[in-house]
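Chemist: Quick one: sequence plus predicted model below, questions after.
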Amino acid sequence: MAQQIETIERKTLGKVRPHQTQNEALVFEKSSPGKRAYKMPPLDVPAVDPAALLGAAHRTTPGLLPELSEIEIIRHFTRLSTWNYAIDLGMYPLGSCTMKYNPRVNELVARIEGLAEAHPYRPDARAQGMLEVFALLQRCLIEITGMDAITLQPAAGAHGEFTGILLVRAWHESQGNPRKKIIIPDSAHGTNPATAAICGYTVENLKSNAEGGIDLDALTRQVDEETAALMLTNPSTIGVFESQIHKIADILHAKGALLYMDGANMNALVGKARPGDFGVDVMHLNLHKTFSTPHGGGGPGSGPVACKAFLEPFLPIPVLVRKSSPNPTQTPGAPSIPRPSAEWVGDHSPQPVGQLTWEYNRPQSVGRVRAFYGNTGMFIRALAYILANGPDGLRQTTEDAVLNANYIRHGLEDLYELPYKTASMHEVVFSDKRQAAKGVKTGDIAKRLIDYGFHPYTVSFPLIVHGALMIEPTESESLEELDLFIDAMRSIAKEVEETPELVKTAPHSTRVSRLDEVLAARKPILRWRPVEETQAPSQPGQFGAMENLPTA
């Protein structure tokens, strides 16, 4: 058996190869006394006594820092960089996360000096170029979503959810009843119930029907005068479009409730359908998914929130407005009554006139939700993506994303269980039901996929699919890349049948084999701790050891 596994393992190593060095010591372990990567020039000012200046804060022993040459530092961090999987190396089939390629032109535009170095608190008169970028992006997103107004402030999708539900709450309070509950389908993103709870609502779960969509009869029974909103992901987390979305909106509106749409999967709708046209009242977008700005690593996301006109007064402050001449139709001598700010920045006139500025005097606003005005660099990247593609190009990306997902579905559905037969949109969700009969779970298959040079798909989500394999290729991937992925998944399915132990013990081609995930979660090793913090090492490699931090 061992020989058989060894043979298969060598045959199936993937296209993305690890660096030849299978391990890398810490810089502390590489340290040798006296090495330097720099040399400071002699002082050209009188020397001072730090002890006299710092008093008790002056330390008498040097800090325990690694001592390396410049080339050792360069090689160390370069080698570490080769360990990372990246979209530049291969496909990220992570379902729901939409890990698409970020075009280089976006990065180029975001680094233009006048944009990259613009201070957020410069006077409005000196920030008109940047404000025009904001205004144009807002107009584009309003057109794409079919909504009436928007804020760019939220820093990520979940933050956008939070902001959107704050708008819902503020509007209900303005009607004299904040209401008590929010309904969330069992196919929703996990952040939805957390958002509702943190905004003060009770969460009620709504079971999906046999097609994985909203059960209209169940929804009708659940919606009452205490329902503030339904938080709906559309397409859902199983990649299904709610074909009865207009009826869902009617059921909610008949009871005075609102329809919130989690727009995380908007990359399946752009250019094809507009949420504002099928009854959505408020929604968030993920610029770091649909509009190709960077994603992951806790980095700068962006989750703009778009809404219908009746929610516009509650948008976070400040709101971008354009100073314009008085309305020519108003009575002469009467005070100037500005148009709603959403119209100012959403005006479809090809040549907007008047200076842009920030409006803070909005009594019904939910307040500021983000420092400054949002993640400006992400706005620039998203606008570059939108303008580079144009309406036809954005529609094409949507069609390609849906086509790619269905191509993978067609290539794998004979080997992997497809729990919902409803037409797939941008992603497809299989289950491990057939492989589980051999003792192989979705996590095992994902780890084996690493040996084939692919990043794993999303494992065990959504929760309505037991043992889920959630796959989203995005529009970035070519036919050749999709075929490689399909071949890898088909090969793994064959391994499950013939040598299941090979899959259950994967990965085999990585620096470390399968880890004890429970131990890693409960007793994580979070930092290197020196053996003797007050003494420099006498020999390389004797600097210290990894230890656990004290637990709380």
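Modeler: Nice, thanks for sending it over.

Chemist: only C-alpha atoms for contact and neighbour calcs from this point on.
Modeler: OK.

Chemist: what's the spacing between residue 443 and residue 353?
Modeler: As defined by CA to CA, to the nearest Å, residue 443 lies at a distance of 56 Å from residue 353.

Chemist: more neighbours, the two?
Modeler: residue 443 (21 against 12; other CA atoms under 10 Å).

Chemist: residues contacting residue 446?
Modeler: 456-457, 459 (CA atoms under 8 Å, 6 or more residues apart in numbering).

Chemist: Correction: the previous question concerned residue 189.
Modeler: 233, 237, 462.

Chemist: swap in residue 236?
Modeler: Per CA under 8 Å, 6+ apart, neighbours of residue 236: 187-188, 213, 242, 265.

Chemist: now with 7 Å?
Modeler: Counting by CA atoms under 7 Å, 6 or more residues apart in numbering, residue 236 makes contact with 187-188.

Chemist: Which strand or helix spans it?
Modeler: Using DSSP states H and E, residue 236 is not contained in any helix or strand.

Chemist: Distance of it relative to residue 205?
Modeler: 15 Å.

Chemist: Can you tell me which helix or strand of the chain has the lowest average pLDDT?
Modeler: Least confident element among the helices and strands of the chain, by mean pLDDT, DSSP states H and E: helix 341-346 (a mean of 41).

Chemist: related to what we said a few turns ago, neighbour count added to the contacts of residue 189, as CSV?
Modeler: As requested, those are arranged in CSV below (neighbours: other CA atoms under 10 Å):
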residue, neighbour count
233, 26
237, 26
462, 23
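
Chemist: just checking, residue 262 is part of a strand?
Modeler: Yes. Remark: residue 262 belongs to a strand, assigned using DSSP: H, G, I helix; E, B strand; the rest coil.

Chemist: mind putting the contacts of residue 446 in JSON lines, secondary structure and neighbour count included?
Modeler: Shown next, in JSON lines, are the contacts of residue 446 (DSSP: H, G, I helix; E, B strand; the rest coil; neighbours: other CA atoms under 10 Å):
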{"residue": "456", "secondary structure": "coil", "neighbour count": "22"}
{"residue": "457", "secondary structure": "coil", "neighbour count": "25"}
{"residue": "459", "secondary structure": "strand", "neighbour count": "20"}
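
Chemist: quick check, nearest of these to residue 255?
Modeler: residue 459 (37.6 Å; CA to CA).

Chemist: After the longest helix anywhere in the chain, which helix or strand is next?
Modeler: Taking DSSP state H as the criterion, the chain has its longest helix at helix 376-412. Later in the chain than helix 376-412, the nearest helix or strand by DSSP H and E is strand 428-431.

Chemist: Tell me the helix or strand right after that next one.
Modeler: helix 433-436.

Chemist: Pull the distance from that next one to the chain's centre.
Modeler: 30 Å (CA atoms, centre = their mean, to the nearest Å).

Chemist: Any idea how far the following helix or strand past it is from the middle of the chain?
Modeler: Using DSSP H and E, the next helix or strand after helix 433-436 towards the C-terminus is helix 442-451. Relative to its chain's centre, helix 442-451 lies at 23 Å (CA atoms, centre = their mean).

Chemist: what sits up against stretch 39-57?
Modeler: residue 58.

Chemist: What mean pLDDT does that stretch get?
Modeler: Average pLDDT, stretch 39-57: 92.

Chemist: ditto for stretch 84-94
Modeler: 90.

Chemist: now swap in stretch 289-302 and tell me
Modeler: For stretch 289-302, the mean confidence score works out to 80.

Chemist: That one: end-to-end distance?
Modeler: For stretch 289-302, the end-to-end distance is 9 Å (CA to CA).

Chemist: how distant is that stretch from the center of its chain?
Modeler: 5 Å.

Chemist: For it, buried residues please.
Modeler: Across stretch 289-302, burial judged by 16 or more other CA atoms under 10 Å covers 289-295, 300-302.

Chemist: Can I get those in JSON lines including distance to residue 413 and secondary structure?
Modeler: Conversion of the buried residues of stretch 289-302 to JSON lines gives the following (distance: CA to CA, whole Å; DSSP: H, G, I helix; E, B strand; the rest coil):
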{"residue": "289", "distance to residue 413": "26", "secondary structure": "coil"}
{"residue": "290", "distance to residue 413": "27", "secondary structure": "coil"}
{"residue": "291", "distance to residue 413": "30", "secondary structure": "coil"}
{"residue": "292", "distance to residue 413": "29", "secondary structure": "coil"}
{"residue": "293", "distance to residue 413": "32", "secondary structure": "coil"}
{"residue": "294", "distance to residue 413": "31", "secondary structure": "coil"}
{"residue": "295", "distance to residue 413": "29", "secondary structure": "coil"}
{"residue": "300", "distance to residue 413": "36", "secondary structure": "coil"}
{"residue": "301", "distance to residue 413": "34", "secondary structure": "coil"}
{"residue": "302", "distance to residue 413": "35", "secondary structure": "coil"}
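
Chemist: Kindly present the contacts of residue 189 as TSV, with separate columns for distance to residue 497 and pLDDT.
Modeler: Shown next, in TSV, are those (distance: CA to CA, whole Å; pLDDT from 0 to 100):
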residue	distance to residue 497	pLDDT
233	36	94
237	29	90
462	26	91
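
Chemist: Now those residues in a markdown table, please, with extra columns for distance to residue 360.
Modeler: A markdown table is the format used below for those (distance: CA to CA, whole Å):
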| residue | distance to residue 360 |
| --- | --- |
| 233 | 32 |
| 237 | 37 |
| 462 | 41 |
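
Chemist: gap between residue 260 and residue 215?
Modeler: 17 Å.

Chemist: Show the pLDDT at residue 211.
Modeler: 88.

Chemist: could we number from 423 for the rest of this?
Modeler: Okay, residue one is now 423; in that scheme the one you just asked about reads as residue 633.

Chemist: Confirm for me that it is in contact with residue 841.
Modeler: No. Using CA atoms under 7 Å, residue 633 is not in contact with residue 841; the gap is 9.1 Å.

Chemist: Need the phi and psi values for residue 780.
Modeler: phi -100, psi 130 (degrees, to the nearest 10).

Chemist: Just to check, it is in contact with residue 745?
Modeler: No. At 9.8 Å, residue 780 and residue 745 do not qualify as touching, with contact defined as CA under 7 Å.

Chemist: re the thing from before, buried residues in the longest helix of the chain?
Modeler: By neighbour count on 16+ other CA under 10 Å, the buried set for helix 798-834 is 798-808, 816-831, 833-834.
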